[in-house]
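> could you look at this predicted model? Sequence included:
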Amino acid sequence: MNTGTYGYPKQGVKKIDPSYDVPEGVDNRGRYDEEFAKILTKDALKFVAELQREFRSHIRYALECRKEAKRRYNEGALPGFDPATRYIREGEWVCAPVPPAVADRKVEITGPVERKMVINALNSGAKVFMADFEDALSPSWENLMRGQVNLKDAVAGTITFNDKARNKVYKLNDQTAKLFVRPRGWHLPEAHIFIDGEPATGCLVDFGLYFYHNHAPFRQTQGAGFGPFFYLPKMEHSREAKIWNNVFERAEKMAGIERGSIRATVLIETLPAVFQMNEILYELRDHSVGLNCGRWDYIFSYVKTFQAHPDRLLPDRVLVGMTQHFMKSYSDLLIRTCHRRGVHAMGGMAAQIPIRDDPAANEAALELVRKDKLREVKAGHDGTWAAHPGLIPACVEVFNNNMGNAPNQIKDAKRDDAASITEEDLLQIPRGVRTMDGLRLNTRVGIQYVAAWLTGSGSVPLYNLMEDAATAEISRVQNWQWIKYGVELDGDGLGVRVSKELFSRVVEEEMARIESEVGKDKFKKGMYKEACKIFKRQCTAPTLDDFLTLDAYNYIVIQHPKGPAKL
Ligand SMILES: CC(=O)SCCNC(=O)CCNC(=O)[C@H](O)C(C)(C)COP(=O)(O)OP(=O)(O)OC[C@H]1O[C@@H](n2cnc3c(N)ncnc32)[C@H](O)[C@@H]1OP(=O)(O)O
Ligand SMILES: O=CC(=O)O
Ligand SMILES: [Mg+2]
């Protein structure tokens, strides 16, 4: 079907779904659902529209600045510390004290805002559950709106789920994890809600609807007077943190709650942002509750930032771990920065997940997780992420054994030694081989991930590892980089140069392998062919697409009255 931007039929704008009651200037093109209507109330949408109107020019400017920075990096510049903000880096200031409710964040579970998983995560024994509208969620209208319904029920404490097939009813335990919510990044539009004729900014929809409905019960039942709490993804510069700070202040004013009630942890997961950690904390100093090592997007961002630097090619994805010098430097400097400013320095996600049908492989995976967590706690991190409830006991054990009863290490692990970390340390080229296996695995994983994403799953188990939008991005940009620069392979493919022709053959062979692994029936019913087309185009594009999900988003937008149905 011939479609315009976001799949909206080109022949004309159809009328607003009459069933949603919308404020002036807001056009809701998402499917009507009685449950969704309780979230998409006129007043809640009015709040989202106010945020959009107040901040759209700032967001547009910040995204323009990203483009400008990209242009500079593409012309050979390297990211680095900004001399203009040296006074912030060298100044003696601290963030507002950590709210007591979240002083102890030793282990945090993450997961999409899917109903059963929300309950399982809150019951998992982790201190925090990061409910994800971002890397782990395919942002279809259904997923986003159901996610909002689920979180509202979770904050109210009434969430239940009846798994009829297994005759099992899920409900919350007496003790649950504290909820943090991660909205989408600044770059993603919400193509079902138009404000003044333009798609809304995705993260303002996620934030605005969640905040509007939950701030009061959250502060009463979870935050002990503080909150709600957030994780903020994919920022590249402190000017983006400043926008969030202003959004928070605007929200606090609307709700009539004290300034500094809302708290957020910023993911440092872009290469430019590592040079802005003090500046980001400074902008958010009244609303901050730390930084987190978003290691997967960070690796993706290393490739993206250096897309025009053929001297900085990545080795196989599996070799770019936290012990590579640039990754270790990033984590050490993050700890030093956070603790100097009085807030949490959170670790990141190990990609291993439990392997049910192979006890030896399961133990080996658990051992890798333990090793990763031991490295983090010894380095001074105050807590870490787990992707699966089955990993919580191992993570808790490592952190408890090494931190005892202390809620965090903010005062005890100052890491002043990390003050000497330089720009060169943070940019050092990762070492390792580039192999045909690496190219094949990237291709197999990338295509299967996109296929899952197109059918509504934003995080999936593939080859015993957790894959989400961030890990899939690494597969995509690494393939792109190797093709673009005709990388000469090591190992089995020794001497072979990666080219579009070689990649085409690899895609064909890996598609056949995927079909045999998932079975003919699932392959036929799934969206593997569409995924292959998207992934292949992106890996061979003359210029690198900024995000895999921006292009793929067109396939999952379904506007009503009925636009093209892809899901
Ligand atoms: C780079 C980053 O951004 S990391 C953060 C974003 N990524 C994520 O959050 C990934 C979260 N994890 C997941 O989505 C899942 O664990 C996956 C997709 C990796 C694996 O999923 P599955 O193979 O379906 O897990 P599995 O079948 O072992 O699940 C067993 C049980 O644990 C539950 N479970 C698994 N992971 C989670 C989770 N993260 N949160 C809550 N419950 C979970 C399942 O719902 C299931 O529950 P049930 O027994 O009551 O039915
Ligand atoms: O969001 C986390 C990451 O590693 O990316
Ligand atoms: Mg990420």
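Yes, it's here. Ligands and ions are numbered 1, 2, ... in the order given.

> what about the residue in the stretch 51-200 of the chain that ligand 2 sits nearest to, how many residues nearby?
Scanning the stretch 51-200 of the chain for the residue nearest ligand 2 gives Asp135, at 4.9 Å (criterion: Cβ to the nearest ligand atom). (Glycine included, C-beta is placed from N, CA and C.) A count of neighbours around Asp135, defined by other Cβ atoms under 10 Å, yields 28.

> what about it, which SS state?
What DSSP: H, G, I helix; E, B strand; the rest coil gives for Asp135 is coil.

> tell me who's in contact with it.
Residues in contact with Asp135, defined by Cβ atoms under 8 Å, 6 or more residues apart in numbering, are Arg182, Pro233, Trp296, Asp297, Gly458, Ser459, Asp468, Ala469, Ala470.

> if we only consider those residues, which is nearest to Gly321?
Trp296 (11.2 Å; Cβ to Cβ).

> burial count for Leu502?
A count of nearby residues for Leu502, using other Cβ under 10 Å, gives 18.

> to clarify, my last question referred to Ala360.
Neighbours of Ala360 under the rule other Cβ under 10 Å: 8.

> one step back: narrow the contacts of Asp135 to those in strands?
Counting by DSSP state E, the part of the contacts of Asp135 found in strands is Arg182.

> mind checking the SS state of the closest residue to Asn278 other than its chain neighbours?
Spatially, and ignoring its direct neighbours in sequence, Asn278 is nearest to Arg89 (4.5 Å; Cβ to Cβ, 6 or more residues apart in numbering). Applying three-state DSSP to Arg89 yields a three-state assignment of helix.

> pLDDT score for Arg89?
Arg89 carries a pLDDT score of 98 in this model.

> surely it and Glu279 touch.
Yes - contact criterion Cβ atoms under 8 Å: Arg89 and Glu279 qualify, at 7.5 Å.

> the strands in the stretch 401-550 of the chain, which residues?
With DSSP state E, counting those that start in this stretch applied, the stretch 401-550 of the chain shows strands at 460-462, 465-467, listed in chain order.

> tabulate those (a markdown table), appending mean neighbour count.
Formatted as a markdown table, the entries for the strands of the stretch 401-550 of the chain read as follows, by neighbours: other Cβ atoms under 10 Å:
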| stretch | mean neighbour count |
| --- | --- |
| strand 460-462 | 17 |
| strand 465-467 | 22 |
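
> let's have these in JSON lines, adding distance to Arg166 and mean pLDDT.
Output for these, formatted as JSON lines (distance: least, Cβ to Cβ, whole Å; pLDDT from 0 to 100):
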{"stretch": "strand 460-462", "distance to Arg166": "19", "mean pLDDT": "98"}
{"stretch": "strand 465-467", "distance to Arg166": "23", "mean pLDDT": "98"}
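
> wait, which of these is closest to Gly256?
Once the strands of the stretch 401-550 of the chain are compared by Cβ to Cβ, strand 465-467 is nearest, at 40.2 Å.

> gap between the residue of the stretch 51-200 of the chain closest to ligand 2 and ligand 1?
When Cβ to the nearest ligand atom, to the nearest Å is the yardstick, Asp135 and ligand 1 sit 3 Å from each other.

> just Ser475 next, same as before
When Ser475 is compared with ligand 1 (using Cβ to the nearest ligand atom), they lie 13 Å apart.

> what's the local residue count around that residue?
Other residues within reach of Ser475 by the criterion other Cβ under 10 Å amount to 27.

> quick check, it in contact with Val318.
No - Ser475 sits out of contact with Val318 when judged by Cβ under 8 Å, with a separation of 10.9 Å.

> overlap in contacts of the two?
Among the neighbours of Ser475, those also in contact with Val318 (Cβ under 8 Å, 6+ apart) are Leu441.

> picking that back up, output the strands of the stretch 401-550 of the chain in CSV; the columns should cover distance to ligand 3.
As requested, the strands of the stretch 401-550 of the chain are exported to CSV (distance: least, Cβ to the ion, whole Å):
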stretch, distance to ligand 3
strand 460-462, 16
strand 465-467, 12
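
> pipe these into TSV and attach distance to ligand 2 per row.
Shown next, in TSV, are the strands of the stretch 401-550 of the chain (distance: least, Cβ to the nearest ligand atom, whole Å):
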stretch	distance to ligand 2
strand 460-462	15
strand 465-467	10
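
> Lys373 is nearest to which of the ones you listed?
Across the strands of the stretch 401-550 of the chain, Lys373 has its closest neighbour in strand 465-467 (15.1 Å, Cβ to Cβ).

> quick one: that closest one near ligand 1?
Yes - contact of strand 465-467 with ligand 1 (Cβ under 6 Å from any ligand atom) involves Met466.

> which outside residues touch that strand?
Contact with strand 465-467 is made by 349, 351-353, 387-388, 445, 448-449, 459-461, 471, as judged by Cβ under 8 Å, 6+ apart.
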